[in-house]
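> What shape does this take:
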Amino acid sequence: MTTRLGLALFAAGLGSLAATARAAEKEAVWRVGDAGMQAQWHPEVIGAPTAVEEPAVGRVMRFDGRADAFLLPAIPFSGWSTFTIQVLFKPAGGGPQAQRFFHAEDTKGSRVMIETRVTPDNHWYLDTFMLSGTSQRAMIDETKQHPTDRWFWVALRYDGKQMTSFVDGVKELEGPVTFAPMAEGKLSLGVRQNRVFWFKGEVKELRFTPEALAPDKLQSSAAR
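Sure, this is the predicted structure:
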């Protein structure tokens, strides 16, 4: 069932996530419906993402792939020299081919993006990107496909030298990039910040950790 309360708790959770992570440099976990989180920033709501109940995972946020997103005026992992970003999500079939569902960009133009590409036969593959100054790296492999309409954990890890992408704790791609700690900036969920390449599907949880986690420390939907 869609609820306004769920949407408000989502906004509160995102704000608390950013405040906690930047202040203490500890792993920050955001879950929809966690009433214990107190908002420090209120994200801009774009379109009408909806809070819904999923039998397998509980309350989630649903994005329609056309006009739904959130824009948070802070980057939870700003100032971190190493980090791991994890997202529990369910990409939907029938959405746009390219979907930039996670986009962090600071005032220096540094950027971290987690994206999907959706195929006509309802599979998706991961695309990750990091940019800092003149150093950048995009990592994508269309042969590493996964079915849509199922829950997955995706992760992007940076250890100070290498960025690595994972799906359900399994390493997919890795490559070097020089990435300075991010300054203040913004984070969008559901779309690129210039409001193109919308995400269709659901998001349950975000995790930000100020270290490069080993694969056995990553979340996996297989363990649910």
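> Okay, now the unreliable bits of this protein?
Along the chain, the model assigns pLDDT under 70 to residues 1-24, 31-41, 222-224.
> can you rerun that using 50?
18-23, 33-38, 40, 223-224 (pLDDT under 50).
> if you go through the protein in chain order, where are the helices?
With helices called from DSSP state H, the chain shows them at 4-24.
> partners of residue 209 in the sheet?
When bridges are called by DSSP bridges, residue 209 pairs up with residue 84.
> and it, how far is that from residue 70?
In this view, residue 209 and residue 70 are 21 Å apart by CB to CB, to the nearest Å. Using the backbone N, CA and C atoms, a C-beta is placed for each residue, glycine as well.
> List phi and psi for the nearest residue to residue 159 once chain neighbours are set aside.
Closest residue to residue 159 apart from its sequence neighbours, by CB to CB, 6 or more residues apart in numbering: residue 212 at 3.6 Å. Dihedral pair for residue 212: phi -90, psi 100, per degrees, to the nearest 10.
> Roughly how far does residue 212 sit from residue 82?
5 Å.
> where do the contact lists of the two overlap?
158, 159, 160 (CB atoms under 8 Å, 6 or more residues apart in numbering).
> what residues are up against the residue nearest to residue 159?
Taking CB under 8 Å, 6+ apart, one finds 82, 83, 84, 157, 158, 159, 160, 164 in contact with residue 212.
> Once you drop chain neighbours, what's closest to the second one?
In space, residue 83 comes closest to residue 77 once its chain neighbours are excluded; the distance is 4.6 Å by CB to CB, 6+ apart.
> Check the burial of the one you found by counting its neighbours.
Neighbours of residue 77 under the rule other CB atoms under 10 Å: 23.
> what's the distance between it and residue 184?
As judged by CB to CB, residue 77 and residue 184 stand 12 Å apart.
> now swap in residue 113 and tell me
18 Å.
> okay, those two: which has more neighbours?
Neighbours per residue, other CB under 10 Å: of residue 113 and residue 184, the larger number sits with residue 113, 21 against 13.
> From what I see, the more buried one and residue 98 are in contact.
No. Assessed by CB atoms under 8 Å, residue 113 is found out of contact with residue 98, at 11.2 Å.
> so what sits against both of the two?
residue 127.
> What's the local residue count around the residue nearest to residue 192 when sequence neighbours are not counted?
Leaving aside its chain neighbours, residue 192 sits nearest to residue 100 (3.8 Å; criterion: CB to CB, 6+ apart). Applying other CB under 10 Å, we find 23 residues neighbouring residue 100.
> The contacts of residue 212 in strands, which ones?
83, 84, 157, 158, 164 (DSSP state E).
> contacting residues for the last one?
So that's residue 164. 156, 157, 158, 171, 173, 174, 212.
> now the third one
Residue 157 makes contact with 83, 84, 85, 163, 164, 165, 166, 212, 213 under the criterion CB under 8 Å, 6+ apart.
> Could you dump these into JSON lines and include distance to residue 94?
JSON lines is the format used below for these (distance: CB to CB, whole Å):
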{"residue": "83", "distance to residue 94": "33"}
{"residue": "84", "distance to residue 94": "31"}
{"residue": "85", "distance to residue 94": "26"}
{"residue": "163", "distance to residue 94": "30"}
{"residue": "164", "distance to residue 94": "30"}
{"residue": "165", "distance to residue 94": "24"}
{"residue": "166", "distance to residue 94": "26"}
{"residue": "212", "distance to residue 94": "35"}
{"residue": "213", "distance to residue 94": "33"}
